[in-house]
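Asks: What follows is a predicted structure for the sequence shown.
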There are 2 protein chains.
Amino acid sequence: MRETDFVSGFARGLKVIEAFGETRQRLSIAEASKLTELDRATVRRSLLTLAELGYADYDGKFFTLTPKILRLGHAYLAATPLPALLQPHLDHLSERAGQSASASVLDGTDIVYVARASQRRVMSINLTPGSRLPAYCASMGRVLLAALPESEARAILARSELRQNTANTKTDPEELIAEFRRVRADGYAVIDQELEIGLCSIAVPVENDRGVTVAAINIGAPAALVPAAEMKARYLPLLKETQAALRPLLHR
Amino acid sequence: MRETDFVSGFARGLKVIEAFGETRQRLSIAEASKLTELDRATVRRSLLTLAELGYADYDGKFFTLTPKILRLGHAYLAATPLPALLQPHLDHLSERAGQSASASVLDGTDIVYVARASQRRVMSINLTPGSRLPAYCASMGRVLLAALPESEARAILARSELRQNTANTKTDPEELIAEFRRVRADGYAVIDQELEIGLCSIAVPVENDRGVTVAAINIGAPAALVPAAEMKARYLPLLKETQAALRPLLHR
DNA sequence: TCATTGTGTGCGATATACGAACAAATGTCA
DNA sequence: TGACATTTGTTCGTATATCGCACACAATGA
């Protein structure tokens, strides 16, 4: 790719959109400029462009994104067969388990939910397709990181902000790498309240017909109802069944 | 706003992203050029920019969006208080009704789901935040269109593609306008299998503390279990309760 | 072979970014 | 309160980046 095959105005604009996610819904030109580290004049042009196109509202002082911006992410969810393909299996899984079931893929240091079948809401966070969680402390994240070559997993951990969310959260990279090895050997990962007190989850990889991991699915349950030690006995067989049902459906 | 306060490279790039939603997940340069009506050279630069930034993959022939693109829509869902504020109320509503409950806002001729609490899946379509349906034939769409000045509602209908989805679908603009008047007077809208055979739904507006309609909430049920005639008696009281609980929470 | 379709590249015309300058608003302190 | 400093939005000039067109080339199929 040549130098000139890059539209920097486009890249700058995307950076401006992402700036909204980091803080509040209203951004002034100066705030957006600070968050994106772009010149005020440049950010102003991007924001006015978004407003002109209907992706943002402008009251003369603050810009806010409009729901039209969801068209962009929807372009992915609608265009990618994975979420639609996973959904009915997650519904079935969720119903049989009596708990929420989700599917996610890796994006940098985060996992991104691409489909979800929720039963009763147990987490304080509101998870929907597009939601992100840090990979290192989520069951699906463990599974997805474990599927990578160890050097890549290390590189991602190095870029991750390893926060101690609860007393249980593992934050030592070496301990996490050892955990990945266990996950690879066992074929599943269990998280015992490492993200949020009161929440346990168990995840398995979803592989395509050539054995390449393309996503992860999990079941989450309140620790009060299902202790971490029971997660495997209760849910691993169901997850394995779903995993097996999906494998032949995923090509390429 | 001056002519030069518009970054056309940015606008063109956004158009390219949206092009993915319309068809399949893989687009060649020429296909994207046709869909966007932009010059091939321009589309190529935009796509290579997306690939360079990790928003798209490129195998030398086709481009596909990556989950990173969900960051853009997520910037809205995370930044806007509305979805997070509605979610617990939808959960509660859904649980009491034993049916799916959703919330949406208007974007052009479509409604856009911003939050959803699903029970058993009854529709063939997979609805998640960001999903879109034509406003004219959805219960929440009727409510949102009814809240607009009639001239605006007419303008939106004029821009809508009024498809006859089922034998029940109302497609005559005058009939729809009359329906909006009824909805305004009654405070709710019922849809009897106008979008999909077998699905009924009932919706009410969500108003802020100044009486401005900011969203709509609905309950959907299988027509086989709950005939359209029973929707009002069964679910309107619950919807009204939720509506009343939300009003004081919505400011500005 | 000759259309047809698709991708990559060079170039002149045009659009855009950056830094600087300025005006207006806001904050600070005696 | 008034004087001054700081922050913010906007404009301007110019160096640079980008667009759209035209053309070259490759692959495909009639």
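Replies: On my side now, so go ahead.
Asks: Kindly list the main-chain dihedrals of residue A:212?
Replies: phi -90, psi 130 (degrees, to the nearest 10).
Asks: Spit out the contact partners of it.
Replies: By Cβ atoms under 8 Å, 6 or more residues apart in numbering or on different chains, the contact list for residue A:212 is empty. No exception for glycine: its C-beta is placed from N, CA and C like everyone else's.
Asks: those strands in chain A, which residues are they?
Replies: A:56-58, A:63-65, A:100-107, A:110-117, A:132-134, A:189-192, A:199-207, A:213-222 (DSSP state E).
Asks: Report the helix or strand with the lowest average pLDDT across chain A.
Replies: Across the helices and strands of chain A, mean pLDDT, DSSP states H and E gives its lowest value to helix A:70-79, namely a mean of 84.
Asks: For residue A:227, give its distance to residue A:202.
Replies: Separation of residue A:227 from residue A:202 (Cβ to Cβ, to the nearest Å): 12 Å.
Asks: quick revisit: okay, the angle between the least confident helix or strand of chain A and strand A:110-117?
Replies: 70 degrees (axes from the mean of the first three to the mean of the last three Cα atoms, to 10 degrees).
Asks: sorry, back to before: neighbour count winner among residue A:227 and residue A:202?
Replies: residue A:202 (29 against 12; other Cβ atoms under 10 Å in any protein chain shown).
Asks: And that one, what's its pLDDT?
Replies: Residue A:202 carries a pLDDT value of 98.
Asks: Excluding covalently adjacent residues, which one is nearest to the residue most central in space within chain A?
Replies: Among the residues of chain A, the one closest to the centroid is residue A:112, at 1.7 Å (Cα atoms, centre = their mean). With Cβ to Cβ, 6 or more residues apart in numbering or on different chains as the criterion, residue A:112 has its nearest non-adjacent residue at 4.4 Å, and that residue is residue B:67.
Asks: Same question for residue A:5.
Replies: Residue A:5 sits nearest to residue B:48 (Cβ to Cβ, 6+ apart), 4.6 Å away.
Asks: From the structure, what's the count of residues near that neighbour?
Replies: 20.
Asks: And residue A:146, by the same measure?
Replies: 26.
Asks: now residue A:107
Replies: Neighbour tally, residue A:107, other Cβ under 10 Å: 18.
Asks: For the closest residue to residue A:208 other than its chain neighbours, give its distance to DNA strand C.
Replies: Once flanking residues are discounted, residue A:208 sits nearest to residue A:250: 3.8 Å by Cβ to Cβ, 6+ apart. From residue A:250 over to DNA strand C the distance is 25 Å, taken as Cβ to the nearest atom of the strand, to the nearest Å.
Asks: Please give me every residue in contact with residue A:250.
Replies: Here residue A:250 is in contact with A:82, A:85, A:206-209, A:214 (Cβ under 8 Å, 6+ apart).
Asks: so which of these is the most crowded?
Replies: So for the contacts of residue A:250 (other Cβ under 10 Å), the most neighbours sit at residue A:206, 28 neighbours.
Asks: OK, contacts around that one?
Replies: A:86, A:103, A:213-217, A:243, A:246-247, A:250.
Asks: okay, the residue of the stretch 51-200 of chain A found nearest DNA strand C: pLDDT?
Replies: DNA strand C sits closest to residue A:61 of the stretch 51-200 of chain A, with a gap of 8.0 Å, by Cβ to the nearest atom of the strand. For residue A:61, the model assigns a pLDDT of 87.
Asks: Then residue A:252?
Replies: So, for residue A:252, pLDDT stands at 60.
Asks: same question, residue A:121
Replies: 58.
Asks: returning to what we had before: quick check: the residue nearest to residue A:208 vs residue B:61, distance?
Replies: 21 Å.
Asks: Please list all residues in contact with the nearest residue to residue A:62 once chain neighbours are set aside.
Replies: Ranked by Cβ to Cβ, 6+ apart and with sequence neighbours excluded, the top spatial neighbour of residue A:62 is residue A:26, at 4.1 Å. By Cβ under 8 Å, 6+ apart, the residues touching residue A:26 are A:62-64.
Asks: picking up where we left off before, settle this for me: the residue nearest to residue A:112 is touching residue A:103, isn't it.
Replies: No: using Cβ atoms under 8 Å, residue B:67 makes no contact with residue A:103, being 11.2 Å away.
Asks: any residues in contact with both of the two?
Replies: residue A:114.
Asks: What is the neighbour count of residue A:90?
Replies: Every residue meeting other Cβ under 10 Å relative to residue A:90 is counted, giving 24.
Asks: now do residue A:242
Replies: Applying other Cβ under 10 Å, I find that residue A:242 has 24 neighbouring residues.
Asks: what do you get for residue A:229?
Replies: 10.
Asks: and if you look at the one 4 residues further on?
Replies: The burial count assigned to residue A:233 is 9, neighbours taken as other Cβ under 10 Å.
Asks: which residues sit in contact with it?
Replies: Per Cβ under 8 Å, 6+ apart, neighbours of residue A:233: none.
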